[in-house]
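Q: I need the structure of the sequence given here:
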Amino acid sequence: MNKLIRFQLSLMMFLEFFIWGGWFVTLGTFLGYNLNASDVQISTAFSTQSWGAIIAPFIIGLIADRFFNAERILGILHITGAILLYMMYISTDFAEFYPLVLAYMIAYMPTLALVNSVSFNQMKDPAKEFSFIRVFGTIGWIVAGLVISYLFYWDAPEARQDGMLKYTFLMVSIASAFLGLFSFTLPKTPPTADRSKKVSIVETLGLDALSLLKDRNFLMFFLASVLICIPLAFYYQNTNPFLSEIGVENPTGLMTIGQVSEVLFMLLLPFFFKRFGFKMTIIAGMLAWTVRYFLFAYGNSGELIFMLLTGIALHGICYDFFFVSGQIYTDFKAGSKYKSSAQGLITLATYGVGMLIGFYVAGLITNAYLTGDKMHDWETIWIYPAVFAFGIMLLFALFFKNEKIDKKDIEI
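A: Sure, this is the predicted structure:
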């Protein structure tokens, strides 16, 4: 790969996740302060990510893989996204905002697969080359948070009260328009599927991999993957509003500690995986969810703020040790026959069905502990996902039989 292509792919990844991190992290806080949305409405807005994840395979499997170059569809979707983000920026009530964010997530979620396709198409050895490109996505998410908190101060108390968080949508609208136009300059990535071969909806969604559920271990892992998305939804939906409400300064910037942690623990994952095995790695990930939420429940913005920062820093273990390890395990169990279908099935089950349930549950519980005008009993709220994650961990520990995975299967 020459330097120009490496630069193009790195910038593409940077912008892809700068856009997502630039509005999604503060969405709950924005809706509460700018549009006076209820907790249930906020959860409904977050659930659009799940609907996007459910619909994305149709766009990729039935259109992108068969008829059009990936970089062209990427460009069209991001230009469409730029228009929708601008309309979200000028929205004045939730009824107007919701259909826009739903349409945007349906357009955005397929781009996550498209940027990977464009990248892989230029690599001779993706196992060695992709991580260098993908890390720029994490950097993009981090930069977005730092810009919001430390450059523009849009999440400062006075700025939130004045509705300044709406400018996050304007910022990412500009970035999306740029990425949309830039995408047309990316290396050509023609469709790879054979148009003469009919592809069923079952294959497109990865549902042909459902036969893997006959394996008791994979079934247990599959169920744990869906259920752990309920605690995950609490983090995505509630962390920024929680930090803002209890008076933590620069909450969006501080949350980037989680992405830094994600990079560090990604590097540690192969060692942990080889040393302790898949089962203990997954258990460690689920236990980290429990610890994180107890830290959130009993920490505060004063002397115990270190508890909140530690909880955020656990994101690397929470995400990498469960979800990345799960992708490796799925690849191992699927074999060559269901390799792609199985990954699609897990994505559909987690970011689709699991998160859809998770955001709904998080919204109901958060709303149930509303104590005043935009104030909540956060200690009680965080206990729910902590206990739930611990329960999932116990069930997994009891019913999942440890398996040995070959070293060649754990390349990150």
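
Q: tally up the residues packed near F130, please.
A: 16 (other Cβ atoms under 10 Å). Backbone N, C-alpha and C define where each C-beta goes, glycine included.

Q: which stretches of this protein form strands?
A: Taking DSSP state E, the strands of the chain run over residues 370-372, 375-376.

Q: single out the most deeply packed of those.
A: strand 375-376 (a mean of 16; mean count of other Cβ atoms under 10 Å).

Q: quick one: closest of the strands of the chain to V291.
A: Taking Cβ to Cβ, strand 375-376 is the member of the strands of the chain nearest to V291, at 21.3 Å.

Q: pLDDT of that closest one, averaged?
A: Mean pLDDT, strand 375-376: 94.

Q: mind listing what it pairs with, with the direction of each?
A: The sheet places strand 375-376 alongside strand 370-372 (antiparallel), with pairing taken from DSSP bridges.

Q: related to what we said a few turns ago, okay, the strands of the chain in JSON lines with distance to L398 next?
A: Converted to JSON lines, the strands of the chain look like this (distance: least, Cβ to Cβ, whole Å):
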{"stretch": "strand 370-372", "distance to L398": "36"}
{"stretch": "strand 375-376", "distance to L398": "34"}
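
Q: out of these, flag the one nearest G311.
A: Across the strands of the chain, closest to G311 is strand 375-376 (Cβ to Cβ), at 16.8 Å.

Q: give me the contact list for that closest one.
A: For strand 375-376, the external contacting residues (Cβ atoms under 8 Å, 6 or more residues apart in numbering) are 242, 245, 366, 369-370.

Q: where in the stretch 1-150 of the chain is pLDDT low?
A: 60-66, 127 (pLDDT under 70).

Q: ok so, going back, so which of the strands of the chain gets nearest L308?
A: strand 375-376 (15.3 Å).

Q: how about M220, nearest residue that isn't a chain neighbour?
A: F400 (4.7 Å; Cβ to Cβ, 6 or more residues apart in numbering).

Q: do D377 as well
A: Here the residue nearest D377, using Cβ to Cβ, 6+ apart, is Y369, at 4.1 Å.

Q: ok, back up a step: which of the strands of the chain sits closest to G81?
A: strand 375-376 (31.5 Å).

Q: what about that closest one, distance to the chain center?
A: Distance, stretch centre to chain centre, for strand 375-376: 26 Å (Cα atoms, centre = their mean, to the nearest Å).

Q: quick one, helices of the stretch 151-300 of the chain?
A: 157-161, 167-183, 201-204, 216-245, 251-254, 257-298 (DSSP state H, counting those that start in this stretch).

Q: what about these, which gets the closest to E96?
A: Comparing those by Cβ to Cβ, helix 167-183 comes nearest, at 13.0 Å.

Q: and the contacts of the closest one?
A: Contacts for helix 167-183 (Cβ under 8 Å, 6+ apart): 11-12, 15-16, 18-19, 22-23, 26, 30, 71-72, 74-83, 85-86, 88-89, 144, 147-148, 152, 154.

Q: ok, and for that helix, which residues are buried?
A: By neighbour count on 16 or more other Cβ atoms under 10 Å, the buried set for helix 167-183 is 168-169, 171-173, 175-180, 182-183.

Q: so which residue is smack in the middle of the chain?
A: Y351 (7.7 Å; Cα atoms, centre = their mean).

Q: if I look at that one, how far off is I328?
A: 17 Å (Cβ to Cβ, to the nearest Å).

Q: related to what we said a few turns ago, quick one: pLDDT of the residue nearest to M220?
A: 94.

Q: give the contact list for it.
A: Counted by Cβ under 8 Å, 6+ apart, F400 has contacts 217, 220-221, 224, 279, 282.

Q: just put the helices of the stretch 151-300 of the chain in a markdown table and tack on distance to A53.
A: Output for the helices of the stretch 151-300 of the chain, formatted as a markdown table (distance: least, Cβ to Cβ, whole Å):
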| stretch | distance to A53 |
| --- | --- |
| helix 157-161 | 29 |
| helix 167-183 | 19 |
| helix 201-204 | 14 |
| helix 216-245 | 11 |
| helix 251-254 | 23 |
| helix 257-298 | 19 |
